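Chemist: Sequence and predicted structure are below.
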Amino acid sequence: MDRARLLLIGITALAVAACEKVPIVDINAGFALADVAWFEEEDTLFVFYQANAEQGLGPESQLELMVRTDHFELPWTPLSQLTTVHTHVPVDCGPKSVCGSTSLALRETPRDVRLRLRYHRDGEMTLNARVALNVIGGGPAHTNRSLLVYGVFDETNTHVQWRARHQFPTLRNHDVQKYGLRRHFSIADRQHGAITANFSQNPYGYGSVQGCPAALPPLDFGPVETTDRAVFDVGTLPLSASESPVVCARSTVTDAQGGTFEAVALARKNPQVRPAFPMLRSPITENTPIKFMLSPCRRTISSPHYTMQEQRLFLENAPEICIDGWNAPGFADTLASQFRTRIDQVRTQGRDMVLVLGLHHDDTSGRLGTVLEEALQKVLPFERDKSSPRVTGAFVYDSVARVVGRPELRRLVLWCPPNLPVDDLDEVPAAASSNCPAVLEFPDIQLGPFRFNQIPILSTRAQYLKFIEKYSERQAGRMTSMSFRAPEHTPLSDNVPLGDFGTATFYNNELLTADPGDAFSYCPEADMRKIVFRTPLTPEPLGLELLPQLHQSAPQPAYALGLFWDFPFLLKANYESYLAGAATAYSFSVPFGIVSSNEETWASELWTTGEFPMGDILAQCTRFCDHPTFDTNVTYNVQALFRNAYRMQCYRPMFPRPGDGGFPHDP
């Protein structure tokens with residue numbers, strides 16, 4: 001073997017060895033975007049691109065384009081050497097990307113468009129793109145051109161912001177801007193008034209008419225122009241334009257065919273919206289408790305339990321009514337007479353009242369409770385509908401659990417203790433339901449083997465005696481305060497029963513008025529579901545959520561507004577117990593509403609102020625209700641017309657403002 005062949009073998013071996021030591025690395029090279037669009041109406045080809053690679057990209061990298069039509073061919077040419085129709089600013093997509101856009105005049109339909117990346121302008125290594133080619137033929141300006149112009153208003157409906165919106169088949173407005181395309185447009189010859197245009201087919205109204213109607217009053221504004229996507233007009237609309245729904249203008253955009261293109265641009269005013277009814281006010285006042293202790297006079301049932309009932313309701317000095325003869329005919333009438341006599345005496349103080357009754361007995365048949373219900377039936381329903389001062393309801397603290405049997409009394413009487421199924425409070429489930437909703441105003445607290453929401457604040461005699469036998473009277477605690485609050489009634493107040501417990505009250509002719517063309521927006525998140533309405537056609541109270549649809553389908557000139565409540569008064573109480581040997585104060589409420597014993601509620605807070613804001617719940621549009629709307633992100637939703645889009649959602653718009661920049665959020 002000669003020396004030349006040996007040398008060749010050695011070189012080959014070294015090369016193989018060298019290859020084995022240098023691994024091949026995937027640099028993840030590829031095109032993330034290679035979109036091309038040709039618009040026949042503009043004779044313009046637009047190119048958008050983004051190429052990514054872990055290595056190899058730098059200032060010397062370049063994009064190259066090849067285009068072929070039926071009669072023309074552009075060979076592979078660097079984009080930097082092409083004459084562009086529009087302005088394309090450099091963009092930065094990061095150190096591992098090269099991206100941007102270009103545009104060139106092209107009068108024929110492209111048959112083949114190719115794009116490639118050359119890693120170094122003087123090198124041979126290239127990366128071909130898979131091009132997405134879109135051809136947009138001739139047609140209306142609002143659908144078949146790459147740019148449309150439209151206007152929006154600020155919050156006052158006196159300043160117009162003119163906007164340019166890119167329209168490409170596979171790229172969004174913001175993406176086009178991101179890849180560097182800038183369009184020049186100008187606005188001139190503004191007029192204000194009404195325009196007859198098919199906005200359902202042409203939402204922005206671009207090019208919807210041949211020109212602004214000559215009869216419309218002109219606006220004495222000078223021309224404005226920009227290469228930003230938006231610019232505020234130079235003038236403020238005069239007072240004479242307040243009723244005009246639209247500003248019409250002549251817009252001019254750059255174009256490859258003849259240099260410019262003109263079309264009508266329209267700006268539609270924002271819906272004119274206000275709170276439908278800012279606030280309902282119904283004074284919530286402290287009620288005077290009218291107290292009685294009903295118990296046997298000729299025998300003792302349980303002194304500890306009697307003392308506890310007295311203490312819980314502060315009945316130590318209350319008049320006592322003997323119930324030894326409760327089985328006698330007419331006993332209910334006697335009770336009712338005693339209640340009415342005392343009510344008329346207290347009424348002279350001018351405050352609403354609550355009957356507070358301790359019922360100490362050992363009747364297990366339930367008949368005594370029925371007699372007391374009969375007596376209350378003779379008093380309470382007639383008091384409920386009076387104007388203040390009146391008796392708002394009754395609070396009965398029984399020795400045994402009972403559920404009110406008379407349907408009308410369920411709206412007026414709170415009957416305690418809770419109807420818990422066991423005598424040992426340690427065995428009561430945390431989620432046990434209750435007809436006596438003593439609702440703690442803080443989470444459950446563990447006190448040894450029992451939970452605080454089961455401490456016998458208002459317990460049966462059997463539960464109380466069992467508790468103090470296991471623990472102590474001191475551990476059961478004591479009531480430190482108790483108050484009752486309720487809404488005042490006027491001579492115009494009207495109560496309408498709803499369901500088993502609820503009542504809707506229309507207090508003082510609170511009316512929401514509306515024209516047939518008005519529209520409403522209901523905000524579910526803000527509604528505490530305590531405000532109702534009715535009309536002569538719908539006398540049954542309805543929730544506010546139904547008002548927008550009702551007004552659209554069968555508009556009424558006025559809607560009476562009222563408040564719904566589950567119970568006629570609010571009981572607030574403070575309670576003291578002993579935790580770890582020290583006295584600790586707690587509080588609970590019996591709210592407007594029948595809830596489970598361990599359920600937190602917002603009702604107590606809702607009914608303490610007497611003011612019920614509506615401004616965030618129901619909004620009323622009085623003009624331009626069929627116009628597009630802005631959302632909370634200052635996005636113009638051109639197809640979300642107020643009348644249709646906001647019947648069941650909150651209307652919380654944010655508007656463009658002069659000086660907030662020229663790149664609005666417009667996806």
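Modeler: Happy to help now that I have it. Worth saying up front: this structure is predicted, and the values here are computed from it rather than measured.
Chemist: What ranges in the stretch 1-150 of the chain fall below the confidence cut-off?
Modeler: 1-27 (pLDDT under 70).
Chemist: Kindly report the same for the chain.
Modeler: Judged by pLDDT under 70, the stretches of the chain that qualify are 1-27, 426, 428-456, 529, 578-608, 662.
Chemist: where does the residue sitting nearest the centre point of it land in three-state SS?
Modeler: With distances taken as Cα atoms, centre = their mean, the chain has residue 525 as the residue nearest its mean C-alpha position (4.3 Å). When classified by DSSP: H, G, I helix; E, B strand; the rest coil, residue 525 comes out as helix.
Chemist: For it, give me its contacts.
Modeler: Taking Cβ atoms under 8 Å, 6 or more residues apart in numbering as the contact definition, residue 525 lies against residue 650. C-beta coordinates here come from the backbone N, C-alpha and C atoms, glycine included.
Chemist: Tell me the buried residues in stretch 293-303?
Modeler: For stretch 293-303, the neighbour count (16 or more other Cβ atoms under 10 Å) marks 293-296, 302 as buried.
Chemist: typo on my end, it should be stretch 370-384
Modeler: Judged by neighbour count (16+ other Cβ under 10 Å), stretch 370-384 contains these buried residues: 371-380, 383-384.
Chemist: Show me what it is in contact with.
Modeler: By Cβ under 8 Å, 6+ apart, the list of residues contacting stretch 370-384 from outside reads 294, 326, 331-333, 335-336, 339-340, 343, 355, 357, 359, 390-394, 396, 404-406, 408-409, 411-413, 495, 568.
Chemist: Which of the helices or strands spans residue 237?
Modeler: Residue 237 belongs to no helix or strand when elements are defined using DSSP states H and E.
Chemist: again but with residue 285, I slipped
Modeler: Using DSSP H and E, the element containing residue 285 is strand 284-286.
Chemist: what do you get for residue 465?
Modeler: Here residue 465 sits within helix 461-470, counting by DSSP H and E.
Chemist: Of all the residues in the helix or strand that that helix is followed by, which ones are buried?
Modeler: Following helix 461-470 in sequence order, the next helix or strand is helix 473-476 (DSSP H and E). By neighbour count with 16+ other Cβ under 10 Å, helix 473-476 contains the buried residues 475-476.
Chemist: same thing with stretch 299-315?
Modeler: 302, 305-306, 308-310, 312-315.
Chemist: can you tell me which two in these are farthest apart?
Modeler: The two members of these with the most space between them (Cβ to Cβ) are 302 and 314, at 19.4 Å.
Chemist: contacting residues around the nearest residue to residue 63 once chain neighbours are set aside?
Modeler: Distances taken as Cβ to Cβ, 6 or more residues apart in numbering put residue 79 closest to residue 63, at 4.7 Å, once the chain neighbours are dropped. The contact partners of residue 79, taken as Cβ under 8 Å, 6+ apart, are 47, 62-65, 100, 102.
Chemist: Turn the residues you listed into a markdown table, including neighbour count, distance to residue 530 and secondary structure.
Modeler: Shown next, in a markdown table, are the contacts of residue 79 (neighbours: other Cβ atoms under 10 Å; distance: Cβ to Cβ, whole Å; DSSP: H, G, I helix; E, B strand; the rest coil):
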| residue | neighbour count | distance to residue 530 | secondary structure |
| --- | --- | --- | --- |
| 47 | 26 | 60 | strand |
| 62 | 17 | 69 | strand |
| 63 | 22 | 64 | strand |
| 64 | 19 | 69 | strand |
| 65 | 24 | 66 | strand |
| 100 | 21 | 58 | strand |
| 102 | 22 | 62 | strand |
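Chemist: What is the nearest of those to residue 111?
Modeler: The shortest separation between residue 111 and any of the contacts of residue 79 is 14.3 Å, and it belongs to residue 65 (by Cβ to Cβ).
Chemist: what ranges do the strands span in the stretch 401-550 of the chain?
Modeler: Per DSSP state E, counting those that start in this stretch, the stretch 401-550 of the chain carries strands over the ranges 413-416, 439-440, 446-447, 450-451, 478-487, 494-498, 502-506, 511-513, 519-522, 531-534, 542-543.
Chemist: which residues of the stretch 151-300 of the chain fall in helices?
Modeler: In chain order, the stretch 151-300 of the chain shows helices spanning 173-178, with DSSP state H, counting those that start in this stretch as the criterion.
Chemist: doesn't residue 340 fall inside a helix?
Modeler: Yes: checked against three-state DSSP, residue 340 lies within a helix.
Chemist: Could you work out the end-to-end span of stretch 227-245 for me?
Modeler: Using Cα to Cα, to the nearest Å, one end of stretch 227-245 lies 27 Å from the other.
Chemist: and it, which residues are buried?
Modeler: Judged by neighbour count using 16+ other Cβ under 10 Å, the buried positions of stretch 227-245 are 228-233, 237, 241, 244-245.
Chemist: Tell me the one of the residues you listed nearest residue 71?
Modeler: Here the nearest of the buried residues of stretch 227-245 to residue 71, counting by Cβ to Cβ, is residue 229; it sits at 35.8 Å.
Chemist: mind listing what that closest one touches?
Modeler: Residue 229 touches 163-165, 177, 662-664, 666, counting by Cβ under 8 Å, 6+ apart.
Chemist: Look up the residues forming beta bridges with residue 246.
Modeler: Listed by DSSP bridges, the beta-bridge partners for residue 246 are residue 193, residue 268.
Chemist: How about the contacts made by it?
Modeler: Residues in contact with residue 246 (Cβ under 8 Å, 6+ apart) are 192-195, 205, 266-269.
Chemist: Let's see that with 7 Å instead.
Modeler: The neighbourhood of residue 246, defined by Cβ atoms under 7 Å, 6 or more residues apart in numbering, consists of 193-195, 266-268.
Chemist: hey, C-alpha coordinates of stretch 195-206 in PDB?
Modeler: These are the backbone C-alpha positions of stretch 195-206, laid out as PDB (Å, rounded to 0.1, in the frame of the first residue of the first chain):
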ATOM      1  CA  ILE A 195     -77.700  58.400   9.000                       C
ATOM      2  CA  THR A 196     -79.800  55.700   7.400                       C
ATOM      3  CA  ALA A 197     -77.400  52.800   7.200                       C
ATOM      4  CA  ASN A 198     -77.600  49.000   7.500                       C
ATOM      5  CA  PHE A 199     -75.500  48.600  10.600                       C
ATOM      6  CA  SER A 200     -76.500  44.900  11.000                       C
ATOM      7  CA  GLN A 201     -74.500  44.200   7.700                       C
ATOM      8  CA  ASN A 202     -71.900  46.900   8.100                       C
ATOM      9  CA  PRO A 203     -71.400  47.300  11.900                       C
ATOM     10  CA  TYR A 204     -68.800  50.100  11.700                       C
ATOM     11  CA  GLY A 205     -70.700  51.900   8.900                       C
ATOM     12  CA  TYR A 206     -67.500  52.300   6.800                       C
END
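Chemist: got the buried residues for it?
Modeler: For stretch 195-206, using 16+ other Cβ under 10 Å, the buried residues are 195, 197, 199, 202-206.
Chemist: repeat for stretch 621-640
Modeler: Judged by neighbour count using 16+ other Cβ under 10 Å, the buried positions of stretch 621-640 are 621, 623-625, 627-631, 634-636, 638.
Chemist: Now do stretch 495-506: distance to the chain's middle.
Modeler: Per Cα atoms, centre = their mean, to the nearest Å, the displacement of stretch 495-506 from the mean C-alpha position of its chain is 27 Å.
Chemist: Residues contacting that stretch, please?
Modeler: With contact meaning Cβ under 7 Å, 6+ apart, stretch 495-506 is reached by 384-385, 407, 410-411, 487, 493-494, 532, 541, 560, 562-567, 594.
Chemist: got the residue ranges for the strands in the stretch 201-350 of the chain?
Modeler: With DSSP E, counting those that start in this stretch as the criterion, the stretch 201-350 of the chain has strands at 224-226, 230-232, 246-254, 260-268, 272-275, 279-281, 284-286, 288-295, 320-322.
Chemist: With distance to residue 483 as added columns, please give these in a markdown table.
Modeler: Below are the strands of the stretch 201-350 of the chain laid out as a markdown table (distance: least, Cβ to Cβ, whole Å):
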| stretch | distance to residue 483 |
| --- | --- |
| strand 224-226 | 65 |
| strand 230-232 | 57 |
| strand 246-254 | 59 |
| strand 260-268 | 55 |
| strand 272-275 | 33 |
| strand 279-281 | 21 |
| strand 284-286 | 6 |
| strand 288-295 | 9 |
| strand 320-322 | 23 |
